[in-house]
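Colleague: got a sequence here, can you build the structure:
(one chain, ligands or ions: 1)
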Amino acid sequence: MVCHRVINSVFWCFIFLVVLVTFFTTKVSSSKQSEIEGMEMNVIDQCWRFNPEWRKYRQQLALCSVGYAGKMTNNIGKDLIHYKVTDHSDDPLNPRPGTLRYGASKIQGKVWITFQKDMNIKLVRPLLISSFTTIDGRGVDVHIVDNACLMIYKATNIIIHGIRVHHCRPQAPGMVMGPDGNIMPLGQVDGDAIRLVSASKIWIDHSTLSDCQDGLLDVTRGSTNITISNNWFREQNKVMLLGHDDGFVRDKNMKVTVVYNYFGPNCHQRMPRIRHGYAHVVNNLYMGWVQYAIGGSMEPSLKSQSNLFIAPTVGKKEVTWRKSSNEVGDTWEFYSVGDAFENGASFMETKGGQVTKPNYNPEQNFEVADAKSVRSLTRSSGVLQCSKTSIC
Ligand SMILES: *[C@@H]1O[C@H](CO)[C@@H](O)[C@H](O)[C@H]1NC(C)=O
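Modeller: Numbering: from 1, shown residues only. Prediction:
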């Protein structure tokens, strides 16, 4: 026996074997490929992450979305403009070629934006993203940070993937280049990471949003057909608002899918808070909350399906929150189907009635996973670490 000849004592033989085993397991896990093969990937990620040549085929991503945004087929095709951000600076009125604003606001038509290198982009004013634009941060580390952040205003067919948006601050009214490349006046903004105003067919995937003055994601003013997937929301009091004010009844048509996101640590409330519209909140992981996880007012509809709600150790255990409005009927449709609850979490459902189905068309539809899989399906939420040589 090798051990016996090389090493005398049983003790050292044991140590030798431990070292041997450790060596082999580290060797295996250092290859990202095998790590990925052992991973349970959700349906969006499965669609492109297995391809080690994803850099060559970045546009494959557009066909991977599910939920109300549907497939992002209008963001790719023959007439697609490939634009690379090389300059982290910002000029809100006359953006230089090479900057993010030049690609996102000035260039019209289908634009696929990538980044030459890691960068911190401090925006002087909110960035108004044009229709048919994709912002693809895969392979580099892109931060939008420390001042103004992202806004989608009267625009459609937009993908935001793989960027970090944090420490966003309120902005005074002022002039800025609009999504059509024309200079326009923009009112006061509150300091949200991403704000949608009258936007449709928007897909926000694998981004990390945190620590902003107001909220992380606002979907307002008749915005609809939105998918929010694979994101990591952390360190925030008010996380996600769907439907901005009580009076805006056009938000009755709002449809939002919230899937495979990770909420926490230190998210207090609004994950999301819904007004008027319908949200399908499915296969997300909630790592605690302070006030509540999901809430609403103005007759919202919610199908909470196969999420994992882990209540905070101290404080409120109830997932939901309802605000009554004096004038309009205090009716909520809050249904929980297949959710899992840990640490004493509870969900107050609407009594009676029928859960409203999302009624997805075939390109929006996807198979909902069991709540037992949510931990592993959300493990790579937020910005992915994509190494130079291997799978993302
Ligand atoms: C939302 O998507 C549905 C299904 O694709 C479509 O019929 C509808 O027109 C879209 N609504 C808007 C406002 O884009």
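Colleague: list the contacts for the closest residue to the ligand within the stretch 1-150 of the chain?
Modeller: Minimum separation of the stretch 1-150 of the chain from the ligand (CB to the nearest ligand atom) falls at Gly70, amounting to 5.3 Å. For glycine as for every other residue, the C-beta is placed from the backbone atoms N, C-alpha and C. Under the criterion of CB atoms under 8 Å, 6 or more residues apart in numbering, the neighbours of Gly70 are 201, 225, 361, 363-364.
Colleague: and if you look at Gln269?
Modeller: Contacts of Gln269 by CB under 8 Å, 6+ apart are 237-239, 289-293, 295, 321.
Colleague: in strands, which of these fall?
Modeller: The strands, defined by DSSP state E, take in 237-239, 295, 321 from the contacts of Gln269.
Colleague: doesn't Phe309 fall inside a strand?
Modeller: Yes - under DSSP: H, G, I helix; E, B strand; the rest coil, Phe309 sits within a strand.
Colleague: now it: closest residue in space that isn't a chain neighbour?
Modeller: Ala345 (4.3 Å; CB to CB, 6 or more residues apart in numbering).
Colleague: again with Trp54
Modeller: Nearest one to Trp54, counting by CB to CB, 6+ apart, is Cys392 at 5.4 Å.
Colleague: from Lys71, how far out is that neighbour?
Modeller: 20 Å (CB to CB, to the nearest Å).
Colleague: likewise Val197?
Modeller: Val197 is 24 Å from Lys71, by CB to CB.
Colleague: re earlier: Cys392 and Lys71: which has the busier surroundings?
Modeller: Cys392 (21 against 17; other CB atoms under 10 Å).
Colleague: up against the ligand, what does the stretch 101-250 of the chain have?
Modeller: 200-201, 224-225 (CB under 6 Å from any ligand atom).
Colleague: what do you get if the cut-off is 5 Å, keeping everything else the same?
Modeller: 200, 225 (CB under 5 Å from any ligand atom).
Colleague: remind me which residues of the stretch 101-250 of the chain are low pLDDT?
Modeller: Regions of the stretch 101-250 of the chain meeting the criterion pLDDT under 70 are absent.
Colleague: just the helices in it please.
Modeller: Taking DSSP state H, counting those that start in this stretch, the stretch 101-250 of the chain contains no helices at all.
Colleague: distance check, the closest residue to Met298 other than its chain neighbours against the ligand.
Modeller: Once flanking residues are discounted, Met298 sits nearest to Arg275: 4.5 Å by CB to CB, 6+ apart. For Arg275, the distance to the ligand (CB to the nearest ligand atom, to the nearest Å) stands at 17 Å.
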